[in-house]
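A.B. asks: sequence plus predicted model, see below.
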Amino acid sequence: MRPYSQSFTLILGWLWLFLGAVALHAQEVDSPPAMEVSAELAQKYPLKSHHAKLSFACLDCHTNQGSNLASLKRLKDDDCLSCHQSRDKMASRLAFMELKKASPHNSIHDGKRLHCDECHMEHRPSVNMCSECHEREVPLWMGETP
């Protein structure tokens, strides 16, 4: 091997190690702290099946709230919309219900002012607010609230 070829290989090796260390450090800094969830807590605060399938952890939704379980706060709509994109996108999924004026994401009662967690509960069964008054009609309009 030529001398300059060895030097070039050595420089590339050191550069590879340096960039790997920088990337590892950046990953550690950006990662949220791990939170140990006991079986008791998992039972008390179960995830919806679709979120559990995605292997969500507490801090995936409860961002910027620290890693102390006692300090975790109720989520706001913006927390939900960080994954679910926008109110309009969610409403478009139920556009077929607009024909019946029954879309919960564009309610004739509340328009788009409903908060996500008024119907969708993560750690307990969801409540279909429409059925509070429209008990008989709701099964004709929609399925189970996720």
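C.D. replies: Here it is on my side, so go on.

A.B. asks: tell me the spacing between the closest residue to residue 102 other than its chain neighbours and residue 130.
C.D. replies: Distance criterion C-beta to C-beta, 6 or more residues apart in numbering; nearest residue to residue 102, sequence neighbours excluded, is residue 141 at 4.4 Å. No exception for glycine: its C-beta is placed from N, CA and C like everyone else's. Distance of residue 141 to residue 130, computed by C-beta to C-beta, to the nearest Å: 7 Å.

A.B. asks: what's near enough to touch the residue nearest to residue 102?
C.D. replies: 97, 100, 102, 130, 134 (C-beta atoms under 8 Å, 6 or more residues apart in numbering).

A.B. asks: distance-wise, check residue 50 relative to residue 36.
C.D. replies: Taken as C-beta to C-beta, the span from residue 50 to residue 36 is 24 Å.

A.B. asks: just residue 129 next, same as before
C.D. replies: For residue 129, the distance to residue 36 - C-beta to C-beta - is 35 Å.

A.B. asks: between these two, who's got more neighbours?
C.D. replies: For residue 129 versus residue 36, the count of surrounding residues by other C-beta atoms under 10 Å is larger for residue 129: 17 against 7.

A.B. asks: end to end, how far does stretch 71-90 reach?
C.D. replies: Distance across stretch 71-90, first residue to last, is 29 Å (C-alpha to C-alpha, to the nearest Å).

A.B. asks: show me where this structure has its helices.
C.D. replies: 3-30, 39-44, 49-53, 58-61, 77-84, 87-92, 138-141 (DSSP state H).

A.B. asks: spell out which residues make up each domain of this structure.
C.D. replies: 1-31, 36-141 (automatic domain parsing).

A.B. asks: ok so, going back, and the least confident of the contacts of residue 141?
C.D. replies: Least confident entry in the contacts of residue 141, by pLDDT: residue 100, with 66.

A.B. asks: tell me the buried residues in stretch 138-145?
C.D. replies: Within stretch 138-145, the residues that count as buried by 16 or more other C-beta atoms under 10 Å are 138, 141, 142, 145.

A.B. asks: and the closest residue to the first one other than its chain neighbours, how many neighbours?
C.D. replies: What that stands for is residue 138. Counting by C-beta to C-beta, 6+ apart, residue 138 lies nearest to residue 131, which is 4.3 Å off, once chain neighbours are set aside. For residue 131, the count of nearby residues is 16 (other C-beta under 10 Å).
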